[in-house]
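S.K.: coords please:
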Amino acid sequence: MFALQFSSLSEFLHMGGVYTFHIWAVYLLFAVFISYNLLQPKMVRRHFLREQKRRAARDEELASKTNTQK
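M.R.: Predicted structure coming up:
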């Protein structure tokens with residue numbers, strides 16, 4: 001079985017020379033896209049809940065104003 005081995009961390013980070021930038025750029029983009037896909041639903045949910053609380057407070061305030069004006 002073929003095993004890819006590097007003799008040092010520097011050699012691993014260099015990854016064969018010519019294509020090093022492309023390889024690490026792809027790894028970075030992968031990490032960014034995965035992170036975004038994991039965090040985005042949480043951010044949307046937080047925004048939705050904050051908006052619903054704001055609307056509920058506004059509706060309650062309007063209801064109390066109309067009750068006191070009667």
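
S.K.: give me every residue that touches residue 59.
M.R.: For residue 59, no residue meets the contact criterion (C-beta atoms under 8 Å, 6 or more residues apart in numbering). Where C-beta positions appear, they are placed from N, C-alpha and C, glycine not excepted.

S.K.: gap between it and residue 38?
M.R.: According to C-beta to C-beta, to the nearest Å, residue 59 stands 33 Å off from residue 38.

S.K.: Next: residue 9.
M.R.: Residue 9 sits at a distance of 28 Å from residue 38 (criterion: C-beta to C-beta).

S.K.: now do residue 62
M.R.: The spacing between residue 62 and residue 38, counted by C-beta to C-beta, is 38 Å.

S.K.: ok, now residue 49?
M.R.: 18 Å.

S.K.: And residue 51, by the same measure?
M.R.: Applying C-beta to C-beta, the value for residue 51 to residue 38 is 22 Å.

S.K.: for residue 19, same thing?
M.R.: Computed as C-beta to C-beta, the residue 19 to residue 38 distance reads 28 Å.
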